[in-house]
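Colleague: sequence first, predicted model second:
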2 protein chains.
Amino acid sequence: MEQFLQEAKRSSAVIGTLQSAKKREVLEQMANALIKQSDYIIEQNSKDIEYAKENNLSSAMVDRLLLDKSRVEAMAKSLKEIASLREPVGRVLDGWWTEDNIRIEKVSVPIGVIGVIYESRPNVTADVGALCFKSGNVAILKGGKEAEYSNKAIAKVLQDVLEANNLPKEIISLLPDSSRAGVDYLIKQDKYVDLIVPRGGEGLIKYVSANATVPVVKHDKGLCHTYIEKSADIEMAINIAVNAKCQRPGVCNAMETLLVDKELAPTILPKLKDAFDKYHTELRVDASAKEIIDAKEATQEDFDTEYLANILSIKLVDGLDEAIEHIGKYGSGHSEAIVTQNYTLAEDFLNRVDAATVYVNASTRFTDGGKFGFGAEVGISTNKLHARGPMGVNELTTYKFKIYGTGQIRE
Amino acid sequence: MEQFLQEAKRSSAVIGTLQSAKKREVLEQMANALIKQSDYIIEQNSKDIEYAKENNLSSAMVDRLLLDKSRVEAMAKSLKEIASLREPVGRVLDGWWTEDNIRIEKVSVPIGVIGVIYESRPNVTADVGALCFKSGNVAILKGGKEAEYSNKAIAKVLQDVLEANNLPKEIISLLPDSSRAGVDYLIKQDKYVDLIVPRGGEGLIKYVSANATVPVVKHDKGLCHTYIEKSADIEMAINIAVNAKCQRPGVCNAMETLLVDKELAPTILPKLKDAFDKYHTELRVDASAKEIIDAKEATQEDFDTEYLANILSIKLVDGLDEAIEHIGKYGSGHSEAIVTQNYTLAEDFLNRVDAATVYVNASTRFTDGGKFGFGAEVGISTNKLHARGPMGVNELTTYKFKIYGTGQIRE
């Protein structure tokens, strides 16, 4: 393992200074290679599918794992999109002359060696590998056991392209020891690894955060709220609430709790109930909402739960302050929305709520690298530092200061 | 302690949304209060000085601790400078319309609650408190025991101004339990604290890094190099080398190792020796340099040592690649310089060396928040993530995405 990490570190100097045009070319070759090798990838994927079925994984799980021609094509398309993104390295972020007549340039540079730990969908292997490559970083990928054959096949296709271009294959590689011990080793190698991004269950993320000495950017849970303020457009509010909960309930940017203004509740709650009933959403409502609609009463715990399921807590609040207070107490700092027609309250909400992404009049489901226009995403950071919210190629860079002097010394 | 941290967290909502003009006004009042209360501060400081002398602290140490009228005035001046800096909160860092016709604004926001652990000079209490205040953060300050009375006096003056303005005094406060146990508690309270900045000895920084669950931005060691390339202007190279080593040898941006091009060595080494002799610098040189000048031979360990003293290692290298390789192996990623007249080599050095600050033709001593024009600094980050190099008010912010919708839902 140590030898592998040494190679990875050494390779980071190669990919970190690789020309932009060359990076684009290699990524396009990778996209073409995925299509050319799709039979091989699908064949290897079938072993994972077989294993999943033997082990009675849910059909949803099996579907997430499955690769067919069109999914391999989608993977290739994503790589081409990443290839065509603006060069993330060398962006001049700031620049000025100092009092000593020194010229300072603050420029984006690759982070170095990045370890990404993830589960299920094999396309993450291609996406994250490509995002790291585009941003000049070495990617050490640790996928889930359930996608082992698929991930190995995809990594092999990408590595063959690297080698055909005389680039070290360590630039995109799978962690050689994918056991728990391997992960445990990886997250403590701050000498070789510059960043760990864990994506997955709460257990994994807690374990990595508690034990890593390498900096961690978490892709953690989302306990997201939508607050329907009393001036809200009723139809818009219902559409947004239903979309935020029901369009895909099992993801981190789905809404878990709906806050409804007390004054508006008698009008909107029955309509909301009708709308959610069509999606068979289980509502858990506070005592005051229960006086208006017939639903299960919510416990304190409900408001503290990321259901990741078609269940929604509803609470009535007396104005913006109470809504913001509730969000401050229970929110996970991921995505928080207000639906309102009131300019002042909209601005107040956006400014005062402490979250990576704050919305007015849109569904929280838009917190997503693709929807942000980042091409693809490494994850959605719930960290406050380094990167916050969707992470694309720019978030895989750090910066350095370049100092241009003419012989200056300090007095 | 927990109650104190709860108050600190609550206060972060107050300072985080305080108007820019009000923040400037309060900082100016603080500057004036320091001057008005200078007798009180100096009187309290004299207790620390007495204690230092009783405990036989070095005269350099006593001098660092000492406050007199002019030093209090300098502290006040620094606060006025920080007051006049451009507002760091709410800077629009990026913004665009998405494919869904959503408008996204990426804006700077305060980090929240910041713990800073430092030693010696009491002016850090005022500077760091003011920088955190300006950037909308709560500052929890933990100074050294040796400056206890001085720090308490300064904090009291600042807190009196906060209270006179009806602001919670927790916005700038000293850690109530300043023992090791108190620090140990603080660095694990990720529920309340968003960032820890340790400044000080290697022991402290290692301890904090290994044990904190709160994110840490280190102000760690600097093992800085200067590489004199063969096309360098000889006089400029000598001036820069002497300044980088001798102007203040005990600081992190001082040079520890000088790399000299083999071809230039016979010409420049004797002149360098003469120049360093005037400063009584102890030279430790590799075998090939020893053939040219008379000096102690360097061991392998010398090249791996941050002397923080008037000692310099010298090594001859065969061109840019060897210089960069040496820096990659021994450098701490702080500040690295090349002296050259060759355009291509200068650019290569700046691009390829992995450090927070990379220089051409200037002394590494300029890696400093003040010299960068940041007004003052919280520290010089040796982290690669979040902030790198000198940290001013902007580095005490993170960002959020504001999403302006018109009813968008995700298909």
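Modeller: Happy to help now that I have it. The structure displayed is predicted, hence computed values, not measured ones.

Colleague: the top strand by length along chain A: how far from the chain's middle?
Modeller: Identified as the longest strand of chain A according to DSSP state E is strand A:397-408. Centroid separation for strand A:397-408 versus its chain: 32 Å, with CA atoms, centre = their mean, to the nearest Å.

Colleague: so that strand, near chain B or not?
Modeller: Yes - on the criterion CB under 8 Å from any CB of the partner chain, strand A:397-408 is in touch with chain B at A:398-408. Just so you know, the C-beta spots here come from the backbone N, C-alpha and C atoms, and that holds for glycine as well.

Colleague: show me how chain A divides into domains.
Modeller: Chain A breaks down into these domains under automatic domain parsing: A:2-220+A:382-403, A:224-370.

Colleague: how about TSV for the residues of strand A:397-408 next to chain B, with neighbour count and pLDDT added?
Modeller: TSV is the format used below for these (neighbours: other CB atoms under 10 Å in any protein chain shown; pLDDT from 0 to 100):
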residue	neighbour count	pLDDT
A:398	20	97
A:399	19	97
A:400	23	98
A:401	24	98
A:402	23	98
A:403	26	98
A:404	17	98
A:405	22	97
A:406	13	97
A:407	15	97
A:408	23	98
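
Colleague: for chain B, state which of those is nearest.
Modeller: Nearest to chain B out of these is residue A:405 (CB to the nearest CB; 2.7 Å).

Colleague: touching chain B at all, the strand or helix carrying residue A:116?
Modeller: Assessed by DSSP states H and E, residue A:116 sits inside strand A:113-117. No - under the criterion of CB under 8 Å from any CB, chain B is not reached by strand A:113-117; the shortest gap measures 10.5 Å.

Colleague: return the distance of the helix or strand just after that strand from the chain's centre.
Modeller: For strand A:113-117, the succeeding helix or strand toward the C-terminus, using DSSP H and E, is helix A:123-134. Its chain's C-alpha centre and that of helix A:123-134 lie 13 Å apart, by CA atoms, centre = their mean.

Colleague: so helix A:123-134, near chain B or not?
Modeller: No - Helix A:123-134 does not reach chain B (CB under 8 Å from any CB); its nearest approach is 14.9 Å.

Colleague: what packs against that helix?
Modeller: Packing partners of helix A:123-134 (3 or more CB pairs under 8 Å, 6 or more residues apart in numbering or on different chains; DSSP states H and E): helix A:20-36, helix A:69-84, strand A:113-117, strand A:138-142, helix A:148-164, strand A:172-174.

Colleague: of all the ones you listed, which lies closest to residue A:359?
Modeller: When the helices and strands packed on helix A:123-134 are compared by CB to CB, helix A:69-84 sits nearest residue A:359, at 25.0 Å.

Colleague: contact partners of the helix or strand just after that closest one?
Modeller: Downstream of helix A:69-84, the first helix or strand assigned by DSSP H and E is strand A:92-97. Defining contact as CB atoms under 8 Å, 6 or more residues apart in numbering or on different chains, one finds that strand A:92-97 is touched by A:103-108, A:399, B:373.

Colleague: partner strands of strand A:92-97, with direction?
Modeller: Strand A:92-97 pairs in its sheet with strand A:103-110 (antiparallel), by DSSP bridges.

Colleague: now the helices for the stretch 151-300 of chain A?
Modeller: Per DSSP state H, counting those that start in this stretch, the stretch 151-300 of chain A carries helices over the ranges A:180-186, A:202-211, A:234-246, A:265-278, A:287-290.

Colleague: return the most buried member of those helices.
Modeller: Of the helices of the stretch 151-300 of chain A, the one with the most neighbours on average (mean count of other CB atoms under 10 Å in any protein chain shown) is helix A:234-246, at a mean of 22.

Colleague: report the angle between it and helix A:265-278.
Modeller: On the basis of axes from the mean of the first three to the mean of the last three CA atoms, to 10 degrees, helix A:234-246 is oriented at 40 degrees to helix A:265-278.

Colleague: and helix A:234-246, what does it pack against?
Modeller: Using 3+ CB pairs under 8 Å, 6+ apart: helix A:234-246 touches strand A:224-228, strand A:255-261, helix A:265-278, strand A:335-339, strand A:357-362, strand B:397-408.

Colleague: the third one and chain B, are they touching?
Modeller: Pointing back at helix A:265-278 there. No - judged by CB under 8 Å from any CB, helix A:265-278 and chain B are separated, with a smallest distance of 12.1 Å.

Colleague: if I look at the residue nearest to residue A:252 when sequence neighbours are not counted, how far off is residue B:206?
Modeller: Nearest residue to residue A:252 in three dimensions, chain neighbours excluded: residue A:222, at 3.5 Å (CB to CB, 6 or more residues apart in numbering or on different chains). Distance, residue A:222 to residue B:206, using CB to CB, to the nearest Å: 34 Å.

Colleague: can you check residue A:197 too?
Modeller: In terms of CB to CB, residue A:197 sits 25 Å off from residue B:206.

Colleague: now the residue of the stretch 101-250 of chain A found nearest chain B. Nearest residue, chain neighbours left out?
Modeller: Among residues of the stretch 101-250 of chain A, the one nearest chain B by CB to the nearest CB turns out to be residue A:243. It sits 3.5 Å away. Leaving aside its chain neighbours, residue A:243 sits nearest to residue B:409 (3.5 Å; criterion: CB to CB, 6+ apart).

Colleague: what residues does the stretch 51-200 of chain A put near chain B?
Modeller: Residues of the stretch 51-200 of chain A lying close to chain B by CB under 8 Å from any CB are A:96, A:98-100, A:102, A:104, A:109, A:111-112, A:194-195.

Colleague: which residues in the stretch 301-411 of chain A form helices?
Modeller: Here the stretch 301-411 of chain A has its helices, by DSSP H, counting those that start in this stretch, at A:320-330, A:343-352, A:369-372.

Colleague: out of the ones you listed, which is closest to residue A:154?
Modeller: Using CB to CB, the helices of the stretch 301-411 of chain A put helix A:369-372 closest to residue A:154, at 19.3 Å.

Colleague: the closest one - contacts with which helices or strands?
Modeller: Here helix A:369-372 touches strand A:389-391, going by 3+ CB pairs under 8 Å, 6+ apart.

Colleague: pLDDT on the strand it packs on, on average?
Modeller: Averaged over strand A:389-391, pLDDT sits at 96.

Colleague: ditto for stretch A:56-64
Modeller: 87.

Colleague: likewise for stretch A:91-101?
Modeller: Averaging pLDDT along stretch A:91-101 yields 96.

Colleague: convert the C-alpha atoms of it to PDB, please.
Modeller: The C-alpha trace of stretch A:91-101 is given here as PDB (Å, rounded to 0.1, in the frame of the first residue of the first chain):
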ATOM      1  CA  ARG A  91      -7.500  30.400 -13.000                       C
ATOM      2  CA  VAL A  92      -6.300  33.800 -11.700                       C
ATOM      3  CA  LEU A  93      -8.500  34.200  -8.600                       C
ATOM      4  CA  ASP A  94      -7.000  37.600  -7.600                       C
ATOM      5  CA  GLY A  95      -4.000  39.700  -8.200                       C
ATOM      6  CA  TRP A  96      -2.500  43.000  -7.100                       C
ATOM      7  CA  TRP A  97       0.600  45.100  -6.600                       C
ATOM      8  CA  THR A  98       1.700  45.500  -3.000                       C
ATOM      9  CA  GLU A  99       3.200  48.500  -1.200                       C
ATOM     10  CA  ASP A 100       6.600  47.000  -1.800                       C
ATOM     11  CA  ASN A 101       5.900  46.900  -5.600                       C
END
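
Colleague: give the buried residues for that stretch.
Modeller: Neighbour-count burial for stretch A:91-101 flags A:98, A:100 (criterion: 16 or more other CB atoms under 10 Å in any protein chain shown).

Colleague: picking that back up, in the contacts of strand A:92-97, find the pair that's most separated.
Modeller: Going by CB to CB, the pair spanning those furthest: A:108 and B:373, at 20.3 Å.

Colleague: compare those two (neighbour count), which wins?
Modeller: The neighbour comparison of residue A:108 against residue B:373 (other CB atoms under 10 Å in any protein chain shown) goes to residue A:108, with 20 against 16.
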